[in-house]
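Novice: Build me a model from this:
(chains A and B)
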Amino acid sequence: MSPSETADVPAGPGAGAPPAPETGTVAGQEPRAGRHTLALFVSELRLVFARARTQVGLGVLAAVPLLIGIAIKIAGTDPGAEGFIGQVAGNGLFLIVASLGLSLPFFLPTAVTVISGESLAGEASLGTLRNLLTAPAGRSRLLAAKMVALAVFCLTATMTIWISGLIVGFVLFPVGDVLLLSGSTVSLGEGLLRALGIAVVISLSLLGLAGIGLFISSLTSTPLAAMAATFGTFIVLGILTAIPQLHAIHPWLLMYRWQSFADLLRDPPYWHEIGRNLLLQGGYLAVFYAAAWARITSRDIT
Amino acid sequence: MPVVTRGLTKRFRGGQVAVDAVDLEVPAGSVFGFLGPNGSGKTTTIRMLLGLIAPTAGEVELLGEPMPKAHLRVLPRVGALVEGPAFYPFWTGQANLLRFDAADRTADPKTRKARAGEALERVGLSNAAGKKVRAYSLGMRQRLAIAVALMQRRELLVLDEPTNGLDPQGTREVRHLIQELAHDGTTVFTSTHLLAEVEQVCTHAAVMSRGKLLRQSTVADLRAELRPRLVVRTPDLTQAAETLQGLGVTELKTTGETVEGDPGELPIEKFAAALVAADVRIHGFGLERPSLEDAFVALTGEGFDVAE
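Specialist: A predicted model of the protein is given here:
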């Protein structure tokens, strides 16, 4: 991808100073190239996805549907089995939904924790943050590039499960029209589309956690500490969600409405809970992104 | 002036003053040696020049513009190497160069690969371009760090200990490179704790000690301030010392087989004649031009070792 075509597009907000007239003594002789704001974003994606660690992580996520599928194929399911698992043997499409649902409480948050904890703390510990800032990347733009890469990772992680679930489900099990939670039946095509919607909702559900991880990562130069602290925060939020006496604060907790993705399998889809979940994720993201911005723009980089 | 600071001060949270009211003036086209022992505040000053850390007080002007306010405008024209080479070990040398270049919005993506190739060639790393940095030696990393600074034409290079970790051959190459760049009109600001380095490549020098800027001037002026010393090699130490003292030589010092001191205004041949007349056996005799190290010791009143 060549960002050069977008060179004349003005930089977005926070992307830095406007192209100022040349005031330097020697600078006037040298023609300034255009503004290649997107190059850093592309480079950031490469940094995240070209790493063996990320690829192994995605491989593990891709194995989730395979393991579930094989287990069901061998052991069979008792028809009373809980949730979507019980429907997999009858319709392979449900392997996608079941895998996504089973990955959401633990596997996906773990992956997001690792990548987000690494993001800024990793650069700080390698010392590459110095090189980026003197390049100059611009602190706000670097943070934006980190967040965009995290969001793309969230989507990639869920889509990895979606695609793996699709392949494994279609190979191992019969597929056909989809029986929804509300009792009506839709075509396989619409079922796939709804499963895709679920993947998108789940990746958006991970953004709040990604924002927390990005903020914690901006506080330290030790990526492991950032990952541990992010995961610790996730566990504490999970425990708080599980204590019934705390129901008054439950609606404000990160994972309280994570399970709302299943509402996409009703006819018509029930949007209320999903909307409130996404609003909450957006709130977490806004708060922690702002905190990370305040931190990174004022931090002494040593 | 490509680099100007006024009252630049950094006080760390613990209260320690790392840089204390430094007024630097680096003339255009100079190779400016920023000199001082480890821990004297050189790297902290450089970090403030480049906007990596915020000064507690004072101002920085880089290429005529205020830092860190104008950093997005100024830094593309500045090549920097701060505090040792830092890279992604799991990437090749070339991939590292491409990433740091991509971080600069003014860098043309179409010429990026070609420019990386040139920079690698310039520092002698062409053969290692495809190797992962993990497999690089410290000297190779140092060269790669210099290559980052050379990815574009720069008006100013800020190099923190550029020859650190290099073997003698590499050190010579880097010095040569610095001279070449200076010849092309680039101002080079280079910190070092090696006096020989300043003597060989720098036109100007500043001396830091314990956070304070003690002096800045041309290297020639720094040296000229010191008076040459009379040095006599002889086995008859006491006799020689007495004779010289009689002729008004001050600051007499006897070490091993030599007597040395400040000859004052008397012409040098008078001393030779007097020593011969006093039957002092002379193995060696002459005026010694003071080295920059002498200048440094005279300025700081301390040896050239780690402060504190």
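Novice: ok, the closest residue to chain A within the stretch 201-308 of chain B - contacts?
Specialist: Of the residues in the stretch 201-308 of chain B, the one nearest chain A is B:Gly211, at a distance of 16.2 Å by CB to the nearest CB. No exception for glycine: its C-beta is placed from N, CA and C like everyone else's. Contacts of B:Gly211 were listed using CB atoms under 8 Å, 6 or more residues apart in numbering or on different chains, and they are B:Val17, B:Ala18, B:Val19, B:Asp20, B:Val22, B:Ser40, B:Gly41.
Novice: cutoff 6 Å now
Specialist: Contacts for B:Gly211 were tallied using CB atoms under 6 Å, 6 or more residues apart in numbering or on different chains; they are B:Val17, B:Ala18, B:Val19, B:Asp20, B:Gly41.
Novice: ok, residues contacting the helix or strand bottoming out on mean pLDDT in chain A?
Specialist: Ranking every helix and strand in chain A by mean pLDDT, DSSP states H and E puts helix A:85-88 at the bottom, with a mean of 82. Here helix A:85-88 makes contact (CB under 6 Å, 6+ apart) with A:Ile72, A:Thr77, A:Phe94, A:Leu95, A:Ala98.
Novice: what's downstream of it, the next helix or strand?
Specialist: Past helix A:85-88, further along toward the C-terminus, the next helix or strand under DSSP states H and E is helix A:93-103.
Novice: next structured bit after that following helix?
Specialist: Heading C-terminal from helix A:93-103 (DSSP H and E), you reach helix A:107-126.
Novice: Can you tell me how far whatever residue of the stretch 51-200 of chain B ends up closest to chain A is from B:Val158?
Specialist: Scanning the stretch 51-200 of chain B for the residue nearest chain A gives B:Ala86, at 2.8 Å (criterion: CB to the nearest CB). Distance of B:Ala86 to B:Val158, computed by CB to CB, to the nearest Å: 15 Å.
Novice: repeat for A:Val114
Specialist: 35 Å.
Novice: more neighbours, those two?
Specialist: With other CB atoms under 10 Å in any protein chain shown as the criterion, A:Val114 and B:Val158 differ in neighbour count, and B:Val158 comes out ahead with 28 against 20.
Novice: where's the more buried one, which helix or strand?
Specialist: Applying DSSP H and E, one finds B:Val158 within strand B:156-160.
Novice: And the contacts of that strand?
Specialist: Under the contact criterion CB under 6 Å, 6+ apart, strand B:156-160 has outside partners B:2, B:43, B:46, B:78-83, B:149, B:186-191.
Novice: pretty sure A:Gly191 is touching A:Phe94, no?
Specialist: No. Between A:Gly191 and A:Phe94 there is no contact, the gap being 8.8 Å when judged by CB atoms under 6 Å.
Novice: Have a look at the two and say which one is more surrounded.
Specialist: When neighbours are counted by other CB under 10 Å, A:Gly191 and A:Phe94 differ, and A:Phe94 comes out ahead with 27 against 23.
Novice: What distance do you get for that one to A:Gly183?
Specialist: When CB to CB is applied, the distance between A:Phe94 and A:Gly183 equals 15 Å.
Novice: what residues does stretch B:76-95 touch?
Specialist: Applying CB under 6 Å, 6+ apart, the set of residues contacting stretch B:76-95 from outside is A:126-128, A:130-131, A:134, B:43, B:46, B:50, B:63, B:96, B:104, B:106, B:116, B:125, B:128-130, B:132-134, B:141-142, B:144-145, B:149, B:154-160.
Novice: Select only the buried ones of these in ChimeraX?
Specialist: Listed next is the ChimeraX selection for buried residues among the contacts of stretch B:76-95, using 16 or more other CB atoms under 10 Å in any protein chain shown:
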select /A:126,127,128,130,131,134 /B:43,46,50,63,96,104,106,116,125,128,129,132,133,141,142,144,145,149,154,155,156,157,158,159,160
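Novice: Out of the contacts of stretch B:76-95, which sit inside strands?
Specialist: In this view, those that belong to strands under DSSP state E are B:Leu156, B:Leu157, B:Val158, B:Leu159, B:Asp160.
Novice: For A:Ser266, give me the pLDDT.
Specialist: To be clear, residue A:266 is Arg; Ser isn't right here. A:Arg266 is assigned a pLDDT of 89 by the prediction.
Novice: residue ranges of the helices in the chain, please?
Specialist: If you meant another chain, say so; for now it's chain A. Taking DSSP state H as the test, the helices found in chain A are A:39-49, A:52-75, A:85-88, A:93-103, A:107-126, A:128-134, A:139-172, A:188-205, A:207-219, A:223-242, A:271-298.
Novice: Please refer instead to chain B.
Specialist: With DSSP H, the ranges of helices along chain B come out as B:42-49, B:71-74, B:93-102, B:112-122, B:138-149, B:168-183, B:195-201, B:219-224, B:237-246, B:268-277, B:292-300.
Novice: So which elements touch the fourth one?
Specialist: Going back to what we said before, that points to helix B:112-122. Of the remaining helices and strands, those touching helix B:112-122 by 3 or more CB pairs under 6 Å, 6 or more residues apart in numbering or on different chains; DSSP states H and E are helix B:93-102.
Novice: ok, now how distant is the residue of the stretch 51-200 of chain B closest to chain A from A:Trp293?
Specialist: Between B:Ala86 and A:Trp293 the computed distance is 23 Å (CB to CB).
Novice: Done for today, thanks.
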